[in-house]
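A.B. asks: Can you look at this prediction? I've put the sequence above it.
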Amino acid sequence: MPISSFNARRMLCGLLLAGLVALPAPILAADAAKATAKPAEIYLYQGADREQRLLAAARKEGVVVIYTSLNLKDSIPITEAFEKKTGVKTSLWRAGSEKVVQRSITEAQAGRFTPDVFETNGPEMEILYREKLLTEFHSPTFKELPAAAFPAHRQYVADRFNFFTLGYNTNLVKPEDVPNTYEDLLHPRWAGKIGIEAGDVDWFGAVVKSMGEKKGLEFFRKLAESKPQMRTGHTLMAELVASGEIPLTVSAYNHNIERLVQKGAPVRWKPLEPTFGRPNAIGVARNAPHPHAALLFADFMLSREGQELIKQRNRVPASSAVDSPLNKFKYQMIDPAIVLDESEKWEKHWSTLFLKGQGIKKEAD
């Protein structure tokens, strides 16, 4: 489906200049038969010798090229561990999620297929799927992932989550006053004391839909009347709660709050039902120059070892096999359609309610 056919203007505005970063040319496998194998055949192979064949062919390819929005302080330790384990080199290009999409589409339109793997936010992965830059793949790690990690088309899979939860300062919020429901946020005691991240339109749309649109919009109208404090940046919001400047926030990333808990800050987080998450996902390129290496890297990211590394970076692992308090509650994923097909509607409601009609500033990845 061409980009112009759905509403994703903010993600697709502007084109990247050609040649931003020099990346290695594709390395062909020595075995001619394997070199002519189609990526789809490689990605879906489930034979008993899968692991051995995959590793041997990936080593012949020599490198895997990864386009990601995961920041370098987190992504580099993961790629270094992959290289050490497999002997396959990584070529990493990191940018914000919108630029990952822009570059990928621009290159593909020019007939240049450089990336083997994409790893970025769920809505942007959905764009790559719609632009036919991804394809379905199989991994033995799938059995350890929850159903919520997979979209219906299964052309990418969540490797980590961002969950929207309540976050509060334990010095300023009494245990008996901690909200248990969204409706509890409307209590007069919270007037002017609630913080909301100013760009959380997709969370807003998901909550409204879950309540029923009429009831949901009425809830948020009342919440807006309580004059919440709007800030840009989930990390900043968590820090403001920890410092006591804002007693409570309704859309904190729980891993940001947990990071501060580990540092001794007087903060806690709590999921309110329904709790919504935004997936960060991994997918393999339909026209990958190094398809074996692409699949090997996807396997690694979704494996217990890779998921433990994600956990060690104070992020929320997708795998149910990795013990983390950050994903032990009921949750559901935000529908990408809220961002891609319904953005104008939800942005208008959000801006009117909370931003006095001003434009929405998207948080940097």
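C.D. replies: Arrived safely. On a predicted model such as this, the values are computed, not experimentally measured, just so you know. Residues are numbered from 1 along each chain as shown.
A.B. asks: which residues touch stretch 206-217?
C.D. replies: For stretch 206-217, contacts defined as CB atoms under 8 Å, 6 or more residues apart in numbering pick out 182, 219, 220, 274, 276, 334, 335, 338, 346, 349. Placement of C-beta: from N, CA and C, glycine included.
A.B. asks: Quick one, grab the pLDDT at residue 302.
C.D. replies: With respect to pLDDT, residue 302 has a value of 98.
A.B. asks: The one 3 residues further on too?
C.D. replies: Taken from the predicted model, the pLDDT recorded for residue 305 is 97.
A.B. asks: quick one on the thing from earlier: taking the contacts of stretch 206-217 one by one, which sit in helices?
C.D. replies: Among these, the ones falling in helices (DSSP state H) are 219, 220, 338, 346, 349.
A.B. asks: Return the member of the residues you listed nearest to residue 66.
C.D. replies: residue 338 (27.3 Å; CB to CB).
A.B. asks: Can you give me the neighbour number for the nearest residue to the closest one once chain neighbours are set aside?
C.D. replies: Spatially, and ignoring its direct neighbours in sequence, residue 338 is nearest to residue 205 (4.0 Å; CB to CB, 6 or more residues apart in numbering). For residue 205, the neighbour count with other CB atoms under 10 Å is 25.
A.B. asks: Please identify the buried residues of stretch 72-89?
C.D. replies: Within stretch 72-89, the residues that qualify as buried by neighbour count (16 or more other CB atoms under 10 Å) are 74, 75, 78, 79, 82, 86, 88, 89.
A.B. asks: ugh, typo on my part, it should be stretch 310-317
C.D. replies: Quick answer for stretch 310-317 (16+ other CB under 10 Å): 310, 311, 313, 315, 316, 317.
A.B. asks: mind listing what residue 87 touches?
C.D. replies: By CB under 8 Å, 6+ apart, the neighbours of residue 87 are residue 59.
A.B. asks: I'd like the distance between it and residue 160.
C.D. replies: Using CB to CB, to the nearest Å, one gets 25 Å for the distance from residue 87 to residue 160.
A.B. asks: any low-confidence regions in the stretch 251-365 of the chain?
C.D. replies: 362-365 (pLDDT under 70).
A.B. asks: can you give me the helices for it?
C.D. replies: 254-262, 291-302, 304-312, 337-340, 343-354 (DSSP state H, counting those that start in this stretch).
A.B. asks: I'd like to know which of the ones you listed is closest to residue 130.
C.D. replies: helix 337-340 (7.8 Å).
A.B. asks: by contact count, what packs against that closest one?
C.D. replies: helix 122-130, helix 201-211 (3 or more CB pairs under 8 Å, 6 or more residues apart in numbering; DSSP states H and E).
A.B. asks: Among the buried residues of stretch 72-89, which lie within strands?
C.D. replies: If you go by DSSP state E, the buried residues of stretch 72-89 have residue 89 in strands.
A.B. asks: Now do the contacts for the nearest residue to residue 232 once chain neighbours are set aside.
C.D. replies: Excluding its sequence neighbours, the residue lying closest to residue 232 (CB to CB, 6+ apart) is residue 198, at 4.8 Å. Contacts here follow CB under 8 Å, 6+ apart; on that basis residue 198 touches 230, 231, 232, 354, 355, 360, 361.
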